[in-house]
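**Q** model this:
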Amino acid sequence: MQRYGFDSKSIVDFHKRISSLMGVSFDPEFIFKIGLKTSRPACLALKAAQRQDEPKASKYFRRMLKAFLIDVRPYNQDNIFAIAREAGLDDRKLSRDVNSKSVEEELNKDMEEMEKIGASFQDIVISTAEGRSERVSGIFQVDSIVEIIDRLLPGLHKYTQGARLGVGQ
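**A** Here you go, the predicted model:
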């Protein structure tokens with residue numbers, strides 16, 4: 001938290017703003033209630049899941065958001081792997097891969113690329129398969145995100161407004 005300039009009050013205010021902007025109700029103090037100290041274990045698990053099955057990894061990500069932000073499930077390895085099973089992933093393979101040097105290197109590379117362009121967890125980087133990318137500061141600026149997607153990938157189908165967080169998927 002402190003790495004990104006947050007203290008215990010400002011992180012709660014930040015989450016209240018996210019809840020309001022996204023139109024999704026969640027406990028803004030979830031970060032303290034679930035026992036989150038670092039998101040790295042979940043990031044490694046998601047990176048390993050992407051190797052296994054990209055569509056299921058996307059489902060896994062949405063389910064992790066719901067489990068930790070909305071359902072306020074304890075943030076621990078057991079739940080990280082249980083949510084993987086719920087998303088249809090092979091949790092045993094995930095358990096092996098999450099501790100592999102190559103998954104850690106992939107995550108570190110992603111983090112280095114973010115730092116290189118000055119992005120943090122509050123930003124989003126939209127990239128195309130051709131390597132074009134743009135950064136949006138403030139991940140919850142939906143209009144800016146849509147504008148960049150239209151510029152990078154004209155004609156791409158967009159999800160409906162209610163599917164932004166995808167908590168029901």
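
**Q** Poorly predicted segments of the protein, please.
**A** Low-confidence segments of the chain, defined by pLDDT under 70, are located at 1-5, 21-23, 121-122, 138-145, 156-169.

**Q** Could you rerun that using 90?
**A** 1-39, 62, 65-66, 69-70, 91, 110-169 (pLDDT under 90).

**Q** All the helices of it, in order from the start?
**A** In the chain, the segments counted as helices under DSSP state H are 8-22, 30-33, 40-52, 54-65, 77-86, 91-98, 101-116, 142-152.

**Q** Neighbours of residue 46, how many?
**A** Neighbour count of residue 46, defined by other Cβ atoms under 10 Å: 21. Placement of C-beta: from N, CA and C, glycine included.

**Q** So the residue most central in space within the chain versus residue 118, what's the distance?
**A** Taking Cα atoms, centre = their mean as the criterion, residue 61 is the residue nearest the geometric centre of the chain, at 6.3 Å. Shown here: residue 61 relative to residue 118, a distance of 24 Å by Cβ to Cβ, to the nearest Å.

**Q** about what we covered before: would TSV of the helices of the chain with distance to residue 71 be doable?
**A** Rendered in TSV, the data for the helices of the chain read as follows (distance: least, Cβ to Cβ, whole Å):
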stretch	distance to residue 71
helix 8-22	15
helix 30-33	9
helix 40-52	15
helix 54-65	10
helix 77-86	10
helix 91-98	19
helix 101-116	25
helix 142-152	24
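
**Q** Before I go, just wanted to say thanks for your time.
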